[in-house]
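*Asks:* Here's my sequence, what's the structure:
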Amino acid sequence: MKINLYPKLAFDGVKKNSRLYIPYLVTCVLMVSIYYIIHFLGNSGVMKGMPGGGTATQMMQMGSVVMAIFGTIFLFYTQSTLIKGRKKEFGLYSILGMNKSSIGRVLFFETMIIWGISVIIGLIVGIGLSKLAELGFTKLIEVPTRYTFSISGTSVVSTIVIFTIIFFLIYINSVRQIRFANPTQLVTAGRAGEKPPKANLIVGILGLIVLGVGYYIALRIKQPLSALLWFFGAALLVTIGTYLILIAGSVILCKLLQKNKKYYYKTNHFVSVSSMMYRMKRNGASLASICILLTMILVMLSSTSALYTGSEECLDARYPNDIGAFACKYGYDEGVSDLSDRLENVLESVSEAHGAEVTNKVTYSTYSISGYLENSKLQIKLNSMTDMAFIDYDKVAQIQFLDKEVYNSVFGNDIDLNPGEVLVGTSKHVEIGDVFTIGETEFNVVGRIDDKIGDIDKTVESAASPTVFVIVNDVDSVAQQYIQYKDYDGEDMLAWFWYCRFDTGLDADGQVALAEELDTAFRDELDGFGFSNFYAESHEAERDDFVGTFGGLFFLGIMLSMIFLLSCVIIIYYKQVSEGFEDRANFEIMQKVGMTKREIRDSINSQMFTVFMIPIILAVVHLLVVLPIVNKLLMLFGLFNFPRLLITSGVCVLLCGVFYGVIYKITSNAYYRIVSD
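*Replies:* Residues are numbered from 1 along each chain as shown. Alright, predicted model coming up:
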């Protein structure tokens, strides 16, 4: 057999099946180009060294990994669909005397052709669009733009290596599909009869249970930390439940429509429901894949756009003043008041040297301890590491002890407390009764200051775990009761914190310079005093990091959403093309018995509308259910504006719905052309 026969058969196979291979090639080219762009931005010299650029490039580096993983999964799915459509052709090769090793060589050259076209054109497109993407990226993260064009050799090599591995794995999978099928099975693969599917109620009920558990987890989460821990578990359950429900429920839906005589016995519904009836068992998986992809797009775009448009709001919530300073020392120390005076002196001298007009200044210190808060009791010392693995992290809380004299003088109050009496202020809806037990000590709660904790710490709501402020008669005597508590590493659990925040009247550069010098001065002043942490931060210095993080997430969300939308298009297109070829003979018979072109069109529209509405409706339901847990996750970034998330979600649903409608129109036309040829 001539050596050039295999490449010729491979080329002819791709050419003759162009209706299947052109969308696949376009998909491969776009995935290669987008991977190159994301990897290019993750290693861009333009962003290196720029404020906020480091965080943004890390987002892109993470995105390139996600892109490689998703590209592998989706291209495997698409290639499997292609091979399934060509099994008859490969079966004829076998009957004509070609063994499976020879068919494997044909598949090898087909894979090489697709790989070569995809990588070459994909890199050309990616390199060509990389500068445009870089300009858009730098605009989003608000860093200076450079208009020099460059090609990243590292990104080119990475793209070639990654997609060479992907296509090699695809080739191995293609050979596997052919090797384990005999020629008769291959030839008759497209003509095998199919029995009417049975509505598997057990699978459907199991799907409802799994989906219900996922919904329950998403709706019951009250604290951001638990949202972070449970989000992926809830998402996995929703995904599994969606697949089970659509695999079983789609068959049940067809049976219900079939029993509805007023609906079923109409020309445009009779054929469509009968056709769907025989394929819904396998179509359920495709519809579930489309639904999950749409849900991912809606959640990703809604959350990242809400963060990006609310970046200034998040920044103000986390850094409410121009300058913030912080110091931490573990254990009890009688000399901390002297340390407070040292820090105050450093702050005043450095601020004066920079010409800052200090206003809105708040300075105070607290003792703090953390534990497991339940029923107005804080359990500080758990029995074992096993306890840590099974506790409810919604109930992990930090207690801040504040002396009444400090509370009165700094925050303008006039309260008096006796030993054992406390005022309590809580965040995140923590409930404390009339008696508050902290460790082994009971305190009588004589008042609440929930509405005033924002005066003490404006950032308390953005903390990962709840904070309880406890105003006491004498903070030193209270702190001494918790000296004996150690963590599992033998370190003190009691900690002394010093906080200071103020405004300066300086411009952005002045604020950044002041914070940097304060940080250095604190290091010099506190060296040798056993402080575990201390720093100074400025509102303006953190702005770049916020914009870089949220802009990078938004850009990555847009890029990945493009890929997911493309995946939806490909799944739907192949679904319609394969079903079109299956249904063509049936429609030919229907036309012979009197069915008109118009009735065929109406039947197709009925079928398309019924099938296409299921994923988008269920995706919107998924979005509405998971929005509360997404909102809790955004709180970790400092975004507490739920109406903003609702608005961005609504806009995303509208845009996605319009795009989905366009897909519906295009694919229904493709289906009609096939069955009416």
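*Asks:* any idea which helix or strand of the chain has the worst average confidence?
*Replies:* Lowest on mean pLDDT, DSSP states H and E among the helices and strands of the chain sits helix 385-390, with a mean of 48.
*Asks:* same question for the next helix or strand after that helix, mean pLDDT?
*Replies:* Downstream of helix 385-390, the next assigned helix or strand under DSSP states H and E is strand 396-403. The average pLDDT for strand 396-403 rounds to 87.
*Asks:* go on, stretch 666-677?
*Replies:* What stretch 666-677 shows for mean pLDDT is 70.
*Asks:* Helices of the stretch 551-677 of the chain, start to end?
*Replies:* 597-635, 642-676 (DSSP state H, counting those that start in this stretch).
*Asks:* for the stretch 1-150 of the chain, what spans make up the strands?
*Replies:* In the stretch 1-150 of the chain, no strands are found when defined by DSSP state E, counting those that start in this stretch.
*Asks:* In stretch 417-437, which residues are buried?
*Replies:* Neighbour counts using 16 or more other Cβ atoms under 10 Å place 417, 421-428, 430, 432, 436 of stretch 417-437 among the buried residues. Yep, even glycine has a C-beta here, placed from its N, CA and C like the rest.
*Asks:* Format the residues you listed as a markdown table; extra columns: secondary structure.
*Replies:* Converted to a markdown table, those look like this (DSSP: H, G, I helix; E, B strand; the rest coil):
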| residue | secondary structure |
| --- | --- |
| L417 | coil |
| E421 | strand |
| V422 | strand |
| L423 | strand |
| V424 | strand |
| G425 | strand |
| T426 | strand |
| S427 | coil |
| K428 | coil |
| V430 | coil |
| I432 | coil |
| F436 | strand |
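*Asks:* could I get those as JSON lines with pLDDT?
*Replies:* Output for the buried residues of stretch 417-437, formatted as JSON lines (pLDDT from 0 to 100):
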{"residue": "L417", "pLDDT": "87"}
{"residue": "E421", "pLDDT": "89"}
{"residue": "V422", "pLDDT": "90"}
{"residue": "L423", "pLDDT": "89"}
{"residue": "V424", "pLDDT": "89"}
{"residue": "G425", "pLDDT": "86"}
{"residue": "T426", "pLDDT": "83"}
{"residue": "S427", "pLDDT": "73"}
{"residue": "K428", "pLDDT": "64"}
{"residue": "V430", "pLDDT": "76"}
{"residue": "I432", "pLDDT": "84"}
{"residue": "F436", "pLDDT": "89"}
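*Asks:* Nearest to D403, out of these: which one, please.
*Replies:* In terms of Cβ to Cβ, no member of these lies closer to D403 than L417, at 9.8 Å.
*Asks:* how about the nearest residue to that closest one, chain neighbours excluded?
*Replies:* In space, not counting the residues next to it along the chain, L417 is nearest to N473; the distance is 4.4 Å by Cβ to Cβ, 6 or more residues apart in numbering.
*Asks:* Phi first, then psi, for the one you found.
*Replies:* Torsion angles at N473 (phi, psi; degrees, to the nearest 10) stand at phi -70, psi -50.
*Asks:* Quick check, pLDDT for it.
*Replies:* pLDDT, N473: 90.
*Asks:* Kindly report the same for L246.
*Replies:* Listed pLDDT for L246 reads 77.
*Asks:* Correct me if wrong, but T366 is in a strand.
*Replies:* Yes: residue state for T366 (three-state DSSP) corresponds to a strand.
*Asks:* from now on call the first residue 36
*Replies:* Sure, I'll start counting at 36 from here, so that last one is T401.
*Asks:* roughly how far apart are it and T62?
*Replies:* Note on T401: its distance to T62, by Cβ to Cβ, to the nearest Å, is 57 Å.
*Asks:* okay if I get the helices of the stretch 586-712 of the chain as CSV plus mean neighbour count and distance to L236?
*Replies:* Shown next, in CSV, are the helices of the stretch 586-712 of the chain (neighbours: other Cβ atoms under 10 Å; distance: least, Cβ to Cβ, whole Å):
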stretch, mean neighbour count, distance to L236
helix 632-670, 19, 19
helix 677-711, 16, 30
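*Asks:* how about those helices, which one is nearest K51?
*Replies:* Across these, closest to K51 is helix 677-711 (Cβ to Cβ), at 15.6 Å.
*Asks:* Determine the set of other helices and strands touching the closest one.
*Replies:* Packing partners of helix 677-711 (3 or more Cβ pairs under 8 Å, 6 or more residues apart in numbering; DSSP states H and E): helix 302-344, helix 574-627, helix 632-670.
*Asks:* burial measure for V480, as a count.
*Replies:* Other residues lying near V480 total 16 when counted by other Cβ atoms under 10 Å.
*Asks:* what's it in contact with, if anything?
*Replies:* For V480, the contacting residues are 457-459, 467-471, by Cβ atoms under 8 Å, 6 or more residues apart in numbering.
*Asks:* Looking at those residues, which one is closest to I701?
*Replies:* Of all these, I701 sits closest to I467, with 59.6 Å by Cβ to Cβ.
*Asks:* Against V480, how distant is the closest one?
*Replies:* Relative to V480, and taking Cβ to Cβ, I467 is found at 6 Å.
*Asks:* who touches both of those two?
*Replies:* V459.
*Asks:* Next one: the closest residue to T339 other than its chain neighbours, what pLDDT does it get?
*Replies:* Closest residue in space to T339, ignoring its immediate chain neighbours: G592 at 3.7 Å, by Cβ to Cβ, 6+ apart. Note for G592: predicted pLDDT of 79.
*Asks:* surely G592 meets L336?
*Replies:* Yes: with contact taken as Cβ atoms under 8 Å, G592 and L336 are classed as touching, separated by 5.5 Å.
*Asks:* Pull up the per-residue confidence for the most centrally placed residue in the chain.
*Replies:* Closest to where the C-alpha atoms of the chain average out (Cα atoms, centre = their mean) is M335, at 5.4 Å. pLDDT for M335: 84.
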